[in-house]
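Enquirer: My questions are about this predicted structure, shown below with the sequence.
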Amino acid sequence: MPDFQPFVPPGEDRPEFTFRAVLLGSLFGIIFGAVTVYVGLKAGLTVAASIPIAVISISLLRHKGRPSVLETIIVQTCGNAGQSIAAGVIFTLPALIFLGFDLEYFRIFMLALIGGYLGVLFMVPLRRPLIVEEHGVLQFPEGTACADVIKAGASGGSTASRVLMGLGLGALYAAFQNENLLGAWPGTPEFRPDFGSTHVLKGASIKADATSEYLGVGYIIGAKTAGIMFAGGVFSWLVLMPMLYFFGKDLPSPIYPGTVPIAQMGPSELWATYIRPMGAGAVAAAGLITLFKTLPTIIGALRSGFKNMRKNSAADTAAPLRTEHDLSMSVAVIGSIALIILMFLFLEFKPVPGAQVGVLANLGAALLIVIFGFLFVTVSSRIVGLIGSSANPISGMTIATLMATSAIFLVNGWTAPAFGALAITIGGVVCIASAEAGDTSQDLKTGYLLGATPIKQRFAFLIGITVSTIAIGVTLNLMNQGLQEFREAPRPWNISASHPGVAVQENPHGLLDQFSVKGANGTSLLHHKSEYVVLNALGSPELADGKYLYSPASGRIEVQWIPGIGSEKAAAPQARLMATVINGILSRKLPWGLVMLGVFLVIGVELLGVRSLTFAVGAYLSIGTTLAIFTGGVVRWLVDAAVQKAGGTDEGDVSPGSLFASGLIAAGGIMGLLGVAFKFYETTWDKENPIGLPHTFVYNDIVSVVAFAALAFSLYYFARKPLKK
């Protein structure tokens with residue numbers, strides 16, 4: 001587009017890649033990386049961070065008395081890298097926990113770093129054909145919206161105050177609502193239907209995790225998406241679960257994969273045992289359907305990408321304009337080769353504990369990362385230009401990678417659990433690279449529209465990736481340990497007998513020397529690590545998947561160890577799905593009846609013309625999550641209706657309500673992480689919460705509902721209140 005002129009002309013020299021911009025961007029990368037991990041593990045969703053980062057930074061950074069546009073782009077680019085890396089990590093790497101392996105900090109750091117860097121470098125030859133030559137064809141909605149925000153800020157509009165208002169009010173609410181902080185009222189009000197002598201609807205549950213972040217997420221994704229997601233939750237929790245209880249309550253024996261009779265199960269146990277496998281099948285099928293729907297776009301992206309790469313080889317000889325100065329192809333190729341060699345060495349000399357494989361398998365893994373990585377980086381970079389980052393089928397691409405990888409392993413006879421860990425490593429790096437490439441494309445589009453220097457944006461990406469991976473690994477481990485529980489689960493166990501699917505785990509990561517075990521009557525007792533042997537169950541007909549503590553003294557399993565990641569508080573639905581795909585192909589041991597039920601459920605939903613992936617995620621998640629998100633969607637619907645009645649248009653990405661909601665999400669994530677830190681303190685040292693309030697008459701479900709309704713009203717109020725000009 002030779003006639004296009006950016007907001008800052010190529011010949012104009014302004015501050016751009018400065019120390020303060022990089023420092024502020026790194027800070028945002030750490031914050032939003034951690035918040036994305038927290039919200040994503042709990043809700044199964046991520047929300048773009050680029051707009052709130054741009055809003056805040058354009059108000060903070062000034063040059064010669066006016067907003068510094070190019071520095072703001074560096075801040076936004078650097079900070080947004082953390083969000084995209086976190087999204088790729090949480091969708092895949094926690095699957096190691098579900099496959100029975102430990103999630104080590106250094107492994108998270110290295111895989112996130114390699115995947116993120118590959119996403120940036122693989123995208124180097126795609127910038128010119130996608131961002132420049134197809135300007136006006138590929139819209140890049142989030143990148144364009146972010147550019148509009150920065151332009152408005154540079155022209156004197158004030159938007160940061162609305163984000164900060166949401167941040168402050170959301171933090172105040174979360175301090176009282178979060179049970180790991182002040183805990184003034186229940187964090188999750190719940191009603192369990194059980195009507196009459198025939199126990200109508202027993203097994204169902206209606207509850208809401210009344211958090212500020214879920215309210216904000218629901219508002220941003222909108223009423224339609226939130227409604228479809230909640231419909232999935234209603235189907236699982238108010239149709240399937242009471243049906244399971246109705247037909248199974250009189251059966252004296254457990255039904256696989258359950259290990260206790262249905263009559264003894266509460267809603268949470270029914271969800272964990274029967275709904276999650278069905279939900280995993282539904283999400284897998286919906287992800288593949290989404291991928292097949294985008295096949296024409298994928299094929300077009302590959303053709304266009306390879307064709308334009310050949311064109312660009314002769315364009316690097318002339319001195320480029322400032323706005324066209326990017327990394328050279330030679331740097332991208334050499335850097336990518338170095339990263340693949342590093343990946344091979346890491347797999348060879350630092351394998352997952354208990355998952356050692358040979359040189360040939362590790363070399364094959366490195367090559368598969370190159371093949372699938374470049375394929376889906378190309379696809380992701382183009383798709384986000386057409387339909388936006390929020391609709392980018394990253395999970396479908398990752399499922400395709402895992403299915404192909406697992407099939408290759410199966411053909412070669414590589415079916416041991418160690419190869420499952422290797423498969424999720426391959427899928428994790430590809431997922432991270434694809435997620436990073438999609439957001440890189442959006443940020444480069446913002447830079448193109450405003451006149452940023454591409455090579456400086458690349459450096460900002462690399463710095464943001466490096467810094468944010470530190471926070472991402474810490475947050476994952478903190479949530480896994482801070483939210484973990486130990487529950488009494490006594491049962492006889494002959495450890496010397498053969499138990500298919502159950503193995504002794506040596507030196508498990510995250511098990512402290514002493515820990516508190518919750519009894520059936522709600523009391524807690526302190527136990528010691530030295531008293532137990534850790535058993536890991538995966539696909540066992542005797543034990544539900546998970547970890548158990550066996551006591552040699554009593555000859556029994558005494559305790560069930562429930563890691564934080566995978567529990568109802570941090571369900572990690574995508575990672576659970578990835579583990580299900582790998583385990584299903586390699587071990588061929590799955591509750592296929594439940595999985596196929598989820599598959600055909602999605603097919604039926606798709607035939608109705610409903611977005612099946614959104615419905616499937618809602619069917620998998622706890623209704624506590626989907627109901628809270630739906631509340632935010634209802635507020636968005638009310639705001640849109642009021643705006644239309646006043647003669648306006650529906651809210652877009654940049655509006656008073658979306659900015660306030662972004663503040664609520666950030667507040668909930670930050671305060672939630674603070675609460676997890678306090679919980680970790682309690683469980684590690686067996687201490688009481690030092691800031692928790694005593695339970696009084698205020699500690700009531702009704703108070704919780706009223707407080708959440710008040711927060712929802714504040715969202716409606718500030719969404720209707722115009723921004724100051």
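Expert: Okay, I see it.
Enquirer: For the stretch 351-500 of the chain, which segments count as strands?
Expert: 485-492 (DSSP state E, counting those that start in this stretch).
Enquirer: do the same with the chain
Expert: Assigned by DSSP state E, the chain shows strands spanning 62-63, 66-67, 190-191, 206-207, 485-492, 502-504, 514-518, 524-528, 533-537, 546-551, 556-562.
Enquirer: between those strands, which one is nearest to residue 715?
Expert: strand 206-207 (20.6 Å; CB to CB). All C-beta atoms are positioned from the backbone trio N, CA, C, and that covers glycine.
Enquirer: Give the pairing partners of the closest one; include direction for each.
Expert: Next to strand 206-207 in the sheet, as set by DSSP bridges, lie strand 190-191 (antiparallel).
Enquirer: Give the rounded mean pLDDT of the partner strand.
Expert: Here strand 190-191 scores 94 as its mean pLDDT.
Enquirer: can you list contacts of it?
Expert: 205, 206, 207, 624, 701 (CB atoms under 8 Å, 6 or more residues apart in numbering).
Enquirer: The same query, at a cut-off of 6 Å, please.
Expert: Applying CB atoms under 6 Å, 6 or more residues apart in numbering, the contact partners of strand 190-191 are 206, 207.
Enquirer: What are the boundaries of the helices in the stretch 251-400 of the chain?
Expert: Along the stretch 251-400 of the chain, counting by DSSP state H, counting those that start in this stretch, helices occupy 267-270, 276-293, 295-312, 329-349, 359-387, 394-411.
Enquirer: And the fourth one, what's buried?
Expert: Of the residues in helix 329-349, those buried under the neighbour-count criterion (16 or more other CB atoms under 10 Å) are 332, 335, 336, 339, 340, 343, 344, 346, 347, 348.
Enquirer: circling back: now for the helices of the stretch 251-400 of the chain, which one comes closest to residue 477?
Expert: Checking those against residue 477 by CB to CB gives helix 329-349 as the closest, at 18.9 Å.
Enquirer: Compute the inter-axis angle for that closest one and helix 359-387.
Expert: 130 degrees (axes from the mean of the first three to the mean of the last three CA atoms, to 10 degrees).
Enquirer: chain center to helix 329-349, what's the gap?
Expert: Relative to its chain's centre, helix 329-349 lies at 26 Å (CA atoms, centre = their mean, to the nearest Å).
Enquirer: Extract the CA atoms of it and return them as CSV.
Expert: C-alpha atoms of helix 329-349 as CSV (Å, rounded to 0.1, in the frame of the first residue of the first chain):
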residue,chain,number,x,y,z
MET,A,329,15.8,-13.5,7.1
SER,A,330,19.3,-14.8,7.9
VAL,A,331,18.9,-13.8,11.6
ALA,A,332,15.5,-15.5,11.7
VAL,A,333,16.8,-18.8,10.1
ILE,A,334,20.0,-19.0,12.2
GLY,A,335,18.1,-18.2,15.3
SER,A,336,15.4,-20.8,14.6
ILE,A,337,18.1,-23.5,13.9
ALA,A,338,19.9,-22.6,17.2
LEU,A,339,16.6,-22.9,19.1
ILE,A,340,15.8,-26.3,17.6
ILE,A,341,19.3,-27.5,18.6
LEU,A,342,18.7,-26.1,22.1
MET,A,343,15.4,-27.9,22.2
PHE,A,344,17.0,-31.3,21.3
LEU,A,345,19.7,-30.8,23.9
PHE,A,346,17.2,-29.9,26.5
LEU,A,347,15.1,-33.0,25.8
GLU,A,348,18.2,-35.2,25.8
PHE,A,349,19.9,-34.0,28.9
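Enquirer: Quick check: residue 569 touching residue 485?
Expert: No. Using CB atoms under 6 Å, residue 569 is not in contact with residue 485; the gap is 9.0 Å.
Enquirer: Which one of the two is surrounded by more residues?
Expert: residue 569 (23 against 17; other CB atoms under 10 Å).
Enquirer: Okay, the nearest residue to the more buried one once chain neighbours are set aside and residue 189: tell me how far apart.
Expert: Among residues not flanking residue 569 along the chain, residue 483 sits closest, at 5.1 Å (CB to CB, 6 or more residues apart in numbering). Applying CB to CB, to the nearest Å, one obtains 20 Å for the distance of residue 483 from residue 189.
Enquirer: Then residue 616?
Expert: With CB to CB as the criterion, residue 616 and residue 189 are 26 Å apart.
Enquirer: So which of those two has more stuff around it?
Expert: residue 616 (33 against 21).
Enquirer: Identify the residues contacting the more buried one.
Expert: Here residue 616 is in contact with 282, 283, 286, 602 (CB under 6 Å, 6+ apart).
Enquirer: Among those, which one sits closest to residue 237?
Expert: Closest to residue 237, out of all of the contacts of residue 616 and judged by CB to CB, is residue 282, at 14.2 Å.
Enquirer: Residue 598 is in contact with the closest one, correct?
Expert: Yes. Assessed by CB under 6 Å, residue 282 is found in contact with residue 598 at 3.4 Å.
Enquirer: Those two: who's more crowded?
Expert: More crowded of residue 282 and residue 598, by other CB under 10 Å: residue 282, with 33 against 26.
Enquirer: Give me the pLDDT for the more buried one.
Expert: Residue 282 is given a pLDDT of 84.
Enquirer: Please apply the same query to the one 4 residues further on.
Expert: Taken from the predicted model, the pLDDT recorded for residue 286 is 81.
Enquirer: Tell me how far it lies from residue 352.
Expert: Distance from residue 286 to residue 352, by CB to CB: 29 Å.
Enquirer: More neighbours: which of the two?
Expert: residue 286 (30 against 22).
Enquirer: Good, we can wrap up now.
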